[in-house]
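Undergrad: Mind looking at a prediction? Sequence and model below.
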Amino acid sequence: MESIVRFFQEGGAFMYPIAIVMAIGLAIAIERFLFLLKEKSGNRRAFEDMLPMLQKKDLRGALTYAGNSGTKIGNIFAAAIARIPGSQRREEIEYALEEGLMEAIPQLEKRTQYVATLANIATLMGLLGTIMGLIAAFTAVANAAPAEKAALLSQSISVAMNTTAFGLMAAIPLILLHSYLQTKTNEIVDSIEMAGVKFLNIITERKPGQNAGN
């Protein structure tokens with residue numbers, strides 16, 4: 001712990017904004033992780049509950065459940081069911097599903113890109129802190145006695161490099177978290193698309209003996 005505190009103190013003033021950027025990025029990542037976890041479980045539960053209703057062609061019951069589920073897949077299915085025409089044309093239902101998915105994706109990806117942006121900011125602030133530290137170091141060396149220049153320069157450069165190290169220490173976890181969140185988001189989108197295909201196949205399934213004109 002003492003080494004960590006000493007490392008932080010020796011890094012200079014740029015260590016504090018890097019720490020703030022890291023804290024904000026971690027907070028956003030945690031919030032997004034909990035949100036995606038809730039959405040994934042909620043979507044799965046809603047689809048499993050609506051599946052028997054859809055198979056029985058209980059569209060009224062499925063519409064009521066979907067509208068009250070508070071999930072992305074429920075909202076998408078509700079919009080599709082509400083727009084089913086009397087002929088149950090597959091194209092019309094598919095358009096409604098695609099429209100609902102396009103509305104859901106931005107909500108699933110909301111704030112995720114901020115994590116990657118903050119990772120880049122942490123890296124750049126670390127480099128900026130190092131550059132400013134080196135400028136200060138060479139300025140101090142220029143006014144120092146010849147016998148002290150080597151030791152003073154070595155010490156100053158070591159301190160200046162702390163900001164780069166801390167910037168990378170903040171950026172690397174944020175980049176990994178961003179990649180993880182993006183993967184989870186894509187998994188949810190893929191699951192919604194798959195559920196939409198199953199929904200479409202069930203709704204447009206024709207009973208035996210039903211001709212194409214009905």
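TA: Structure received.
Undergrad: Helices along this protein, start to end?
TA: Assigned by DSSP state H, the chain shows helices spanning 2-10, 15-55, 59-69, 72-82, 90-109, 112-142, 146-203.
Undergrad: Would you format those as CSV with mean pLDDT and mean neighbour count included?
TA: C-beta coordinates here come from the backbone N, C-alpha and C atoms, glycine included. Shown next, in CSV, are the helices of the chain (pLDDT from 0 to 100; neighbours: other CB atoms under 10 Å):
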stretch, mean pLDDT, mean neighbour count
helix 2-10, 68, 11
helix 15-55, 93, 17
helix 59-69, 87, 17
helix 72-82, 87, 22
helix 90-109, 85, 16
helix 112-142, 87, 18
helix 146-203, 86, 17
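Undergrad: Contacts for stretch 101-120, please.
TA: 21-22, 24-25, 28-29, 31-32, 36, 39, 72, 75-76, 170-172, 174-175, 177-178, 181-182, 185, 188-189, 192-193, 196 (CB atoms under 8 Å, 6 or more residues apart in numbering).
Undergrad: With stretch 69-81 instead?
TA: In contact with stretch 69-81 (CB under 8 Å, 6+ apart) are residues 39, 42-43, 45-47, 49-50, 59, 62-63, 65-68, 93, 96-97, 99-101, 103-104, 107-108, 188, 192, 195-196, 199, 203.
Undergrad: next one: stretch 157-174
TA: Here stretch 157-174 has contacts from 7-8, 10-12, 14-15, 18-19, 21-22, 25-26, 29, 115-116, 118-120, 122-134, 136-137, using CB under 8 Å, 6+ apart.
Undergrad: Please save the CA atoms from it in PDB.
TA: Extracted in PDB, the C-alpha atoms of stretch 157-174 (Å, rounded to 0.1, in the frame of the first residue of the first chain):
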ATOM      1  CA  ILE A 157      12.500  11.200 -15.700                       C
ATOM      2  CA  SER A 158      11.500   8.400 -13.400                       C
ATOM      3  CA  VAL A 159       8.800  10.600 -11.800                       C
ATOM      4  CA  ALA A 160       7.600  11.800 -15.200                       C
ATOM      5  CA  MET A 161       7.200   8.200 -16.500                       C
ATOM      6  CA  ASN A 162       4.800   7.400 -13.600                       C
ATOM      7  CA  THR A 163       2.000   9.300 -15.400                       C
ATOM      8  CA  THR A 164       2.400   7.200 -18.500                       C
ATOM      9  CA  ALA A 165       2.400   4.000 -16.500                       C
ATOM     10  CA  PHE A 166      -0.700   5.100 -14.600                       C
ATOM     11  CA  GLY A 167      -2.400   6.200 -17.800                       C
ATOM     12  CA  LEU A 168      -1.800   2.700 -19.200                       C
ATOM     13  CA  MET A 169      -2.900   1.000 -16.000                       C
ATOM     14  CA  ALA A 170      -6.200   3.000 -16.300                       C
ATOM     15  CA  ALA A 171      -6.700   2.500 -20.000                       C
ATOM     16  CA  ILE A 172      -6.000  -1.300 -20.300                       C
ATOM     17  CA  PRO A 173      -8.800  -2.400 -18.000                       C
ATOM     18  CA  LEU A 174     -11.200   0.100 -19.600                       C
END
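Undergrad: Fine by me, thanks again.
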